[in-house]
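Trainee: This is the structure alone, sequence omitted:
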């Protein structure tokens, strides 16, 4: 396992559509391990492979210390109900803004062993899945903001706590 560098805003890979994972081989298993270790060290709520410079459809989410790995994730069901909350991104460090996301989602894909999986998520975890799947399509949270003028920089831990941002979604 290895902690990888997280690519920052401006890196072309963040705006590309990621390619499908066709088979789970040792390189994909290593990628998954690196994603998990990197998101834990960065204290993020999720991380997508393009954020570490790998243009493949692989994500991890980490909410309430529960980690989900999904290869080739698809949002197959979403609630009508939306919640607006501040989001951040490990690829846009220090910046936050309000984004509307679906309250509940169902994600379908493959596990890190290649098995078909389906995950039902709500609240913060649903938000993390939507954010990470967006990364696979070259979409950043700032693209989802209704009012870009509400994007704000947080320079200190105290400011971040005032925002009541639970975790940075990657």
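Mentor: That came through fine. Everything quoted here is computed from the prediction, not taken from an experiment.

Trainee: What strand or helix carries the spatially most central residue of the chain?
Mentor: In the chain, the centroid-proximal residue (CA atoms, centre = their mean) is residue 132; its distance is 2.9 Å. In this structure, residue 132 is located in helix 123-136 according to DSSP states H and E.

Trainee: starting at the chain centroid, how far to that helix?
Mentor: Centroid separation for helix 123-136 versus its chain: 5 Å, with CA atoms, centre = their mean, to the nearest Å.

Trainee: Which positions in that helix come out as buried?
Mentor: 124-136 (16 or more other CB atoms under 10 Å). Bear in mind the C-beta positions are built from the backbone N, C-alpha and C, glycine included.

Trainee: Return the set of buried residues in the strand of greatest length in the chain.
Mentor: Ranked by residue count under DSSP state E, the longest strand found in the chain is strand 66-78. Within strand 66-78, the residues scored as buried using 16+ other CB under 10 Å are 68, 69, 70, 71, 72, 73, 75, 78.

Trainee: Also stretch 143-154?
Mentor: 144, 145, 154.

Trainee: from those residues, which is closest to residue 39?
Mentor: For the buried residues of stretch 143-154, the residue nearest residue 39 by CB to CB is residue 154; the value is 19.6 Å.

Trainee: what's the pLDDT at the closest one?
Mentor: On pLDDT, residue 154 comes in at 88.

Trainee: tell me the phi and psi of it?
Mentor: phi -120, psi 120 (degrees, to the nearest 10).

Trainee: Span of stretch 75-82 from start to end?
Mentor: Stretch 75-82 has an end-to-end distance of 15 Å (CA to CA, to the nearest Å).

Trainee: and what of stretch 108-118?
Mentor: 4 Å.

Trainee: now do stretch 57-71
Mentor: 6 Å.

Trainee: residues making contact with it?
Mentor: 18-21, 24, 28, 31-32, 35-36, 39-40, 44-49, 72-73, 107, 109-112, 114, 117, 119, 121, 124-125, 128-129, 132-133, 135-136, 167 (CB atoms under 8 Å, 6 or more residues apart in numbering).

Trainee: Can I get the buried part of those as one ChimeraX selection?
Mentor: Burial among these is assessed by 16+ other CB under 10 Å; the matching ChimeraX selection reads:
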select :18,21,24,28,31,32,35,36,39,40,44,45,46,47,48,49,72,73,107,109,110,112,117,119,121,124,125,128,129,132,133,135,136,167
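
Trainee: among the contacts of stretch 57-71, which are in strands?
Mentor: Using DSSP E, the contacts of stretch 57-71 in strands are 46, 47, 48, 72, 73, 107, 109, 110, 117, 119, 121.
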